[in-house]
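>>> A predicted structure for the sequence below; I have some questions about it.
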Amino acid sequence: FAVHPMLTEAVCGMAFMEDLLATCFGVWGICLAVGPCFGTRRSQRIAGHVTAAACFLLSVFAKESGLALVFLLPLAVVLTHGRIALSGGPGSGPAVDDTEVVPPSSFRMGIGKTTLFLCWLIPAGAFFLWVRFFLLPGHGAGAGWLGGSLPAAMANGLVIGMEYLVRLVWPVQLSVLRATALIEGILDIRLVVAVPLHASLLLSALLAVRRIPVWTFGILWFYAALAPVSNLVPLWNPQADRYLYMPAVGFILALAALMKAMCLRSNAAGLVEAGSGVSDPGYKPQLKKARTVVISSLWTLLVLAWGLRAWGRVGDWRSNETLWGRELALQPDNPGVLAENAIVMNHVGRHGDAESLARKALGINPRCDLARLQLGKSMLMQKRYEESLPQYLLASVGRLQVHHAREVWFDLGYMWDSVYRSPGSAAFAYKKALRMDPGFLEAAFNLGELLFREGKYDNAVEVWRAALARYPDNTDLRDNIAVAERRLKNR
């Protein structure tokens with residue numbers, strides 16, 4: 001897990017720490033659910049549930065992927081009942097190792113104990129959904145369904161899930177921003193392959209629940225953690241490597257359980273022969289040892305290949321220039337990649353190159369609003385205001401994420417204030433940016449200064465005090481408030 005190259009995006013990108021936090025708290029919650037903290041005393045059980053509930057809430061508030069714990073926590077209790085077992089119950093054949101056998105009654109007892117978890121899991125999950133989607137809704141334009149409808153998004157999600165599985169096994173052409181090729185119909189070859197693949201994995205998880213419960217848990221973990229990012233809910237980026245950080249825990253767990261079962265299968269055959277006292281001329285210890293060596297060698301080579309690929313991938317994250325430059329080399333006709341490279345060019349002051357990249361992106365996809373924003377910004381930085389303003393106005397009614405949408409309105413406010421001398425329009429734009437992001441400090445500064453220049457000192461103080469509540473250590477805000485309050489007293 002630590003060396004898998006698909007996970008470097010979540011680790012190297014500071015903006016993606018949410019994936020790490022959601023996964024870490026989720027793993028801790030499950031370890032608490034099946035660990036020794038749930039002792040025989042009532043106080044121990046209460047403390048264990050409270051701690052597990054805290055981990056669940058921390059996981060879901062880090063990222064929505066943590067909702068998978070609503071399913072995974074009770075599943076962990078049912079399958080393990082306080083201990084991980086890799087062997088089947090009585091009558092299920094020879095055990096593949098010396099781990100304690102879990103009898104059928106243990107599973108029934110585990111199902112009973114899940115009731116206690118569900119008593120707080122369901123209300124906690126409902127509380128998160130209320131906070132996330134009703135108390136703190138987003139202000140930007142929402143992402144649309146992948147393919148235009150929910151059934152199309154589900155079908156495309158199956159194909160994307162298949163591609164995730166392939167890249168988890170053999171991670172080639174890693175990318176921060178992938179161009180999603182939509183399926184063309186129910187007979188699309190990718191969908192025809194994806195459906196039986198997912199069905200067979202889920203069926204194998206059900207069939208192995210008694211003999212290899214860790215395989216079952218790993219497969220179900222993968223799909224449960226993948227569900228929130230499988231486009232069942234509209235996503236801005238339909239697929240991304242960082243989405244796999246939590247699902248990869250289940251994938252690696254299932255892969256390790258499978259490898260262990262394969263290595264120990266021959267041991268089980270040897271134990272049966274030794275216990276029966278019957279000589280089997282077909283049993284060859286050398287063949288058993290060779291099989292174990294081959295499986296272990298293949299696993300070692302796979303992990304080594306992952307590590308080498310991850311080492312190279314980390315180098316791509318040295319800077320935005322190296323990261324997006326590599327993406328441009330891989331996907332020269334991807335409008336999103338072109339727009340991101342335009343952002344980099346604007347940031348380093350190469351506004352002419354940014355304009356060229358943005359124009360190329362818009363030539364490929366005229367509805368790429370991020371490219372339109374960067375085209376307008378490159379013109380703004382070159383002081384071509386008459387050309388820049390129409391691009392910003394078009395971007396303001398487009399579909400942009402919140403941090404880009406607030407940038408559109410902030411730049412519009414700057415142009416209406418400093419270039420076109422329209423304080424009313426500028427104030428409207430700054431207020432719009434602050435509604436999208438109340439913590440947008442630069443917009444609060446500019447709006448307060450605009451109100452101050454117009455003699456609206458009380459309104460300026462109100463804006464700056466709201467910003468000061470979020471940034472209590474900002475001395476510039478304190479100085480501005482002091483000046484405005486003196487003006488109010490001297491009226």
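That came in fine, so what should we check first?

>>> Return the mean pLDDT over stretch 478-491, rounded to an integer.
Averaging pLDDT along stretch 478-491 yields 89.

>>> Pull out the buried positions in it.
Neighbour-count burial for stretch 478-491 flags 480, 481, 484 (criterion: 16 or more other Cβ atoms under 10 Å). C-beta: built from backbone N, CA, C; applies to glycine.

>>> What pLDDT does the model give the closest residue to the first one other than its chain neighbours?
In other words, residue 480. Spatial nearest neighbour of residue 480, chain neighbours left out: residue 464 (5.4 Å); criterion: Cβ to Cβ, 6 or more residues apart in numbering. pLDDT, residue 464: 94.

>>> wait, residue 464 sits on residue 482?
No. At 10.0 Å, residue 464 does not count as touching residue 482 under the criterion of Cβ atoms under 8 Å.

>>> how close does the residue nearest to residue 480 get to residue 123?
Computed with Cβ to Cβ, to the nearest Å, the distance linking residue 464 and residue 123 is 40 Å.

>>> quick one, which of these two is more surrounded?
Neighbours per residue, other Cβ atoms under 10 Å: of residue 464 and residue 123, the larger number sits with residue 464, 26 against 11.

>>> re earlier: turn the buried residues of stretch 478-491 into TSV, including distance to residue 448.
Output for the buried residues of stretch 478-491, formatted as TSV (distance: Cβ to Cβ, whole Å):
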residue	distance to residue 448
480	6
481	9
484	8
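
>>> Just the helices from the stretch 1-150 of the chain, written as ranges.
For the stretch 1-150 of the chain, applying DSSP state H, counting those that start in this stretch gives helices covering 8-12, 17-34, 42-62, 69-80, 104-130, 150-169.

>>> So which of those helices is the most surrounded?
Most buried of the helices of the stretch 1-150 of the chain by mean neighbour count (mean count of other Cβ atoms under 10 Å) is helix 69-80; its value is a mean of 23.

>>> got a list of contacts for it?
Contacts of helix 69-80 with the rest of the structure, by Cβ atoms under 8 Å, 6 or more residues apart in numbering, involve 26, 29-30, 33-34, 52, 56, 59-60, 102, 107, 110-111, 113-114, 117-118, 121-122, 125, 209, 213, 216-217, 220-221, 224-225.

>>> from the chain's centre, how far out does that helix sit?
Remark: helix 69-80 is offset 21 Å from the chain centroid, using Cα atoms, centre = their mean, to the nearest Å.

>>> Restricting the selection to alpha carbons, write that helix to PDB.
Extracted C-alpha coordinates of helix 69-80, given in PDB (Å, rounded to 0.1, in the frame of the first residue of the first chain):
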ATOM      1  CA  LEU A  69     -17.900   3.100   7.100                       C
ATOM      2  CA  VAL A  70     -21.700   2.900   7.600                       C
ATOM      3  CA  PHE A  71     -21.400  -0.500   5.800                       C
ATOM      4  CA  LEU A  72     -17.800  -1.500   6.700                       C
ATOM      5  CA  LEU A  73     -18.000  -1.100  10.400                       C
ATOM      6  CA  PRO A  74     -20.900  -3.600  10.900                       C
ATOM      7  CA  LEU A  75     -19.400  -5.900   8.300                       C
ATOM      8  CA  ALA A  76     -16.100  -6.000  10.100                       C
ATOM      9  CA  VAL A  77     -17.800  -7.000  13.300                       C
ATOM     10  CA  VAL A  78     -19.900  -9.700  11.500                       C
ATOM     11  CA  LEU A  79     -16.800 -11.200   9.700                       C
ATOM     12  CA  THR A  80     -14.300 -11.000  12.500                       C
END
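
>>> how close does residue 483 sit to residue 180?
As for residue 483, its distance to residue 180 is 52 Å (criterion: Cβ to Cβ).

>>> Residue 320 now?
Taken as Cβ to Cβ, the span from residue 320 to residue 180 is 23 Å.

>>> Give the residue spans of the stretch 251-400 of the chain that score low on pLDDT.
Scanning the stretch 251-400 of the chain for pLDDT under 70 picks out 265-288.

>>> One more pass at 90, please.
Residues of the stretch 251-400 of the chain meeting the criterion pLDDT under 90: 256-300, 302-303, 309, 312-320, 330, 398-399.

>>> if we can go back for a sec, look up how far residue 382 lies from the residue nearest to residue 480.
In terms of Cβ to Cβ, residue 464 sits 32 Å off from residue 382.

>>> rewinding a little: just put the helices of the stretch 1-150 of the chain in a markdown table and tack on distance to residue 490 and mean pLDDT.
A markdown table is the format used below for these (distance: least, Cβ to Cβ, whole Å; pLDDT from 0 to 100):
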| stretch | distance to residue 490 | mean pLDDT |
| --- | --- | --- |
| helix 8-12 | 54 | 88 |
| helix 17-34 | 48 | 89 |
| helix 42-62 | 47 | 86 |
| helix 69-80 | 59 | 85 |
| helix 104-130 | 48 | 75 |
| helix 150-169 | 61 | 90 |
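
>>> Dump those helices into TSV; add distance to residue 429 as well.
TSV is the format used below for these (distance: least, Cβ to Cβ, whole Å):
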stretch	distance to residue 429
helix 8-12	34
helix 17-34	30
helix 42-62	32
helix 69-80	42
helix 104-130	32
helix 150-169	34
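
>>> and residue 437, which of the ones you listed is closest to it?
Nearest to residue 437 among the helices of the stretch 1-150 of the chain is helix 17-34; the distance by Cβ to Cβ comes to 17.2 Å.

>>> elements contacting that closest one?
helix 8-12, helix 42-62, helix 69-80, helix 245-276 (3 or more Cβ pairs under 8 Å, 6 or more residues apart in numbering; DSSP states H and E).
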